[in-house]
Every structure is written in structure tokens, then in C-alpha cells.
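Asks: what follows is a predicted structure for the sequence shown.
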Protein chains: 2
Amino acid sequence: MAKLDDTDRQLLMLLQEDDRQALAVLSEKIGVAVSTINDRIKRLVRTGMISGFHARIAPEAIGLDLLAFIMVSWSNPKVEAIFLERVKASPDVLECHHITGAWNYLLKVRVGTTRDLERFLTETIKAVDGVERTETLITLSTTKETWSVRV
Amino acid sequence: MAKLDDTDRQLLMLLQEDDRQALAVLSEKIGVAVSTINDRIKRLVRTGMISGFHARIAPEAIGLDLLAFIMVSWSNPKVEAIFLERVKASPDVLECHHITGAWNYLLKVRVGTTRDLERFLTETIKAVDGVERTETLITLSTTKETWSVRV
DNA sequence: CAGGAATTTCGGAAGTCTTACGGAATTAAG
DNA sequence: CTTAATTCCGTAAGACTTCCGAAATTCCTG
């Protein structure tokens, strides 16, 4: 965890909002030379502070209208490895977290329709031998969904 | 929801993995002219298919070591407006979803330590008058966390 | 606190990449 | 089958990024 100065912080804030701003624009906003901005970005990438640059796709624009959180549990610890393998391979799964509490894992899943969700549950999750229970929370609406963190 | 051809789909896949590839590289990979790639990207942005270009920051690299999901509920419907206002304003909250089931809302929250989490719960969530119950699921590890969707 | 090493900043030159444009080609409509 | 509309492409202009050496700053050590 390298230390960041104020220039780095401003830069990170600006780039996580929009990574396509010209160096000249960033230079103007932050108040350091264009070449310095370039150096800083390069360094932030090299040191792993910035892990990538990604276009964000509007899910509804491509027919992914259903967002769900699925909690999964099992009792046989051997289940985990197979479960994770399946989950990692599935493009429907955006996130997979090992969590505290009554459940083993929490998944964030995006699909087109309830039909797709049903198929996902039967063919991907419940098809894993040993999975005992799941609970699905359907998202009715999303008020906030950002990738920007405080820095 | 405009329709996408195969070029659009390939382009979206490539750009959500890495939006900094030169047009010439994308042109090479997909097999259409550089100027066509440019046209397509411009159109995908104009039509809202692509909603933005974002640098992704490695959370642990900047000391955000704690990820939690918090479920919140209340019975007085007047609570919602104030709750959402607070949540939108808080940089700790990455996501806020209205969900089905026993709870009203699900939050995805990223902070530094359990101490920060405690502060968030007391000062941001429980400080909202009318919030009755919360349940916090701490993330022990994250197996998958992507923004890439199938397209 | 001084001296020196290491790092960072900067402006400018060079090179690369994006953008805009018009005509050709393809697709869609009548 | 003809015409209109859209998309595709190569090119040239312009914008942007990258690289460089020198100056400035910071950091370390004695």
C-alpha cells in the first residue's frame, strides 16, 4: 500500500469518474504539467493502485433487466471448490463473496428475465452437488451503483 | 434498446475488459477499419449502450480492506426518502438496491476497518429516524468481482 | 543542518493515435 | 428493380501521448 499525495488522489478521483479525459484537461484541473500527469498515471497503474480501465455497459440497454442477490449454503466443505469453479465460469455472476452469517456465499447475478434466473439457479447453482439452500433477493430498483471509492 | 450486431458485441466485450486499447488494435482484433471502430464506439456512447469509461481502483491498495453488505428495514414508509438521501451522499456506499424479501434495502459498503463500519452504521444508517433493523454480512473474501457482462 | 543522491517535475520535440470527411459499398425501403 | 439511407473505408489533418534531458525538489545520511 504505497502512499498517495494530493495529486494522486485528485487524479484517481477524476479517472474513476472518467478515464478518457485528455492529459491536458487533467493537467488543467489539477494544476501540474501534462507530462507529470502522464508519469503519475503510469505509476498508479504500475504499482497496482489502478487495476484497469473499463467501459461500463448499461445493463438494461442490452436486455439485462434482472439483478439478483443469491445467498447459498451447504454443510459439506467439499462443495466449495466445485461451486466456485462453476461460479467463476458463469458470465451471469458478477460477484461472488464469502460472507459471515447464516449463509456461505453471496452472489450478485445479472440476467435478462426471471426465466433466465430460474435456469441459472437450476443449472448452475443447484446443479452443484451438496448445495442445500439458496435464498434469492430480487432487485426491484437500484438507487446507487458506483465503482468510485473515496480516495 | 437498440440492436447490436456482431461487431458491436465484440467491441463491447473488448472495451469492458480494457477501454484503453488503441483503435488500431481493436481494428486488428475485430477485423474492421480503424475509422469504423471509431464510429461504432461513438455510436455506442451516443445511444447510451456505453455509459462511461472508468479507471478501477484496487480497494486494498488504498486501505479499503473491509467490504460489507448491509440489509436494512423499517415499517414507516416515510423513512425511505431520508434513508436514500443519506445513502446517496455517503462515499462509503457503493450500491443501494431496493429488494424483495424480509428487508427493504440492500447496501454494498466499502470502508477501511471495522471501526469505520461501526461509525457508518451508527452515524449514517441508524441515525435515520425510523430505521428499525439492520443485518450486516461481512465479506471474508471475494472470489469474483467483475463489471463485465455477457453481451 | 549541510551535502549529495535519488526522485520528481517540467517544457518541448517526436511520434502515435484519434477524428473528420467524402466517396464507395452495402443494406433497407418503396 | 430503383432509390434512399446507412455503414464502411482510406486518407489527411490535427490532437494527444510519450519520451527526453535539465532543473527543481525531496529524501537520506552523516
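Replies: Noted; the coordinates are in hand.

Asks: point out where chain A drops to low pLDDT.
Replies: For chain A, the stretches with pLDDT under 70 are A:1-2.

Asks: what does the strand or helix carrying A:R110 contact?
Replies: Element membership for A:R110, per DSSP states H and E: strand A:105-111. Outside strand A:105-111, the residues that touch it by C-beta atoms under 8 Å, 6 or more residues apart in numbering or on different chains are A:59, A:64, A:66-73, A:83, A:87, A:92-99, A:117, A:120, A:125, B:69, B:137, B:139, B:149. Backbone N, C-alpha and C define where each C-beta goes, glycine included.

Asks: could you do stretch A:73-93 as well?
Replies: Stretch A:73-93 is contacted from outside by A:72, A:96, A:102-105, A:107-111, A:116, A:120, A:124-125, A:127-134, B:143-144, B:148-150, using C-beta under 8 Å, 6+ apart.

Asks: and the end-to-end length of it?
Replies: 16 Å (C-alpha to C-alpha, to the nearest Å).

Asks: the lengthiest strand in chain A pairs with which strands, parallel or anti?
Replies: Taking DSSP state E as the criterion, chain A has its longest strand at strand A:131-145. If you go by DSSP bridges, strand A:131-145 pairs up with strand A:66-74 (antiparallel), strand B:93-99 (antiparallel).

Asks: before we move on, the earlier item: give the next helix or strand downstream of the strand holding A:R110.
Replies: helix A:114-120.

Asks: I'd like to know how far the nearest residue to A:L44 once chain neighbours are set aside sits from A:I41.
Replies: Once flanking residues are discounted, A:L44 sits nearest to A:I50: 4.6 Å by C-beta to C-beta, 6 or more residues apart in numbering or on different chains. Going from A:I50 to A:I41 by C-beta to C-beta, to the nearest Å gives 7 Å.

Asks: what do you get for A:A102?
Replies: 44 Å.

Asks: the more surrounded of the two?
Replies: Using other C-beta atoms under 10 Å in any protein chain shown, the more surrounded residue of A:A102 and A:I41 is A:I41, with 21 against 11.

Asks: still on that earlier bit, for B:L14, find the nearest of the strands paired with strand A:131-145.
Replies: B:L14 lies closest to strand A:66-74 among these, at 23.8 Å (C-beta to C-beta).

Asks: next, the angle strand A:105-111 makes with the closest one.
Replies: Angle of strand A:66-74 versus strand A:105-111, following axes from the mean of the first three to the mean of the last three C-alpha atoms, to 10 degrees, is 150 degrees.

Asks: now do strand A:66-74: distance to the chain's middle.
Replies: 15 Å (C-alpha atoms, centre = their mean, to the nearest Å).

Asks: CSV for the strands paired with strand A:131-145, including mean neighbour count and distance to B:E17?
Replies: Conversion of the strands paired with strand A:131-145 to CSV gives the following (neighbours: other C-beta atoms under 10 Å in any protein chain shown; distance: least, C-beta to C-beta, whole Å):
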stretch, mean neighbour count, distance to B:E17
strand A:66-74, 21, 21
strand B:93-99, 21, 21
